[in-house]
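Chemist: What follows is a protein structure lacking sequence information:
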């Protein structure tokens, strides 16, 4: 697989395993496919010690999984905040719907706790206009990078922010059961 599709790990100064979700940390890297299943298999087979050719301090599988998820979520939230500052992210039901209908949206992000009726409306328009759609976080957390209390939907206009978010959201969902979510 190409490296950009893999999950990179590096060692911290004390020899502990650390996930490099941004793929920019210095040092030798070890890679697994981007899924919790692959990570568990690598941990069980002690592949990281072999890859780094030294003893590696490895957190428990649930701790490492939680860290990876948190780092990915933080990265997505940060990119959303930057897109908002640049004027490339819009929120609010009417504004999102208008952006979708105009065809200027690249991706649509719906809160995981959005109502079924609202989700159906956004989904229909997104599918009609060919906009990729993702489920992410809860309403309160989805609104925070936009400086809002609660947001059920965010549209990100065509931009490098949208490309980055698209990649990170795909990686986020692929991590769970190899993309089953």
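Modeler: Thanks, I have it. From a predicted model like this one, the values you see are computed outputs, not experimental measurements. Numbering: from 1, shown residues only.
Chemist: Pull out the buried positions in stretch 107-124.
Modeler: For stretch 107-124, the neighbour count (16 or more other CB atoms under 10 Å) marks 107, 108, 109, 110, 111, 114, 119, 122 as buried. (Glycine included, C-beta is placed from N, CA and C.)
Chemist: Strands - which of those land there?
Modeler: The members of the buried residues of stretch 107-124 that map onto strands under DSSP state E are 107, 108, 109, 110.
Chemist: what's the closest of those to residue 157?
Modeler: Of all those, residue 107 has the smallest distance to residue 157: 9.1 Å, by CB to CB.
Chemist: can I assume the closest one is in contact with residue 168?
Modeler: No: checked against CB atoms under 8 Å, the pair residue 107 and residue 168 is beyond contact range at 10.7 Å.
Chemist: Output the ones in strands among the buried residues of stretch 107-124 in a markdown table; the columns should cover pLDDT.
Modeler: Formatted as a markdown table, the entries for those read as follows, by pLDDT from 0 to 100:
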| residue | pLDDT |
| --- | --- |
| 107 | 97 |
| 108 | 98 |
| 109 | 97 |
| 110 | 97 |
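Chemist: next SSE after the lengthiest helix in the chain?
Modeler: For the chain, the helix that runs over the most residues, judged by DSSP state H, is helix 61-85. For helix 61-85, the following helix or strand on the C-terminal side (DSSP states H and E) is strand 89-91.
Chemist: ok, now how distant is residue 138 from residue 17?
Modeler: From residue 138 over to residue 17 the distance is 29 Å, taken as CB to CB, to the nearest Å.
Chemist: neighbour-wise, which of those two wins?
Modeler: For residue 138 versus residue 17, the count of surrounding residues by other CB atoms under 10 Å is larger for residue 17: 19 against 13.
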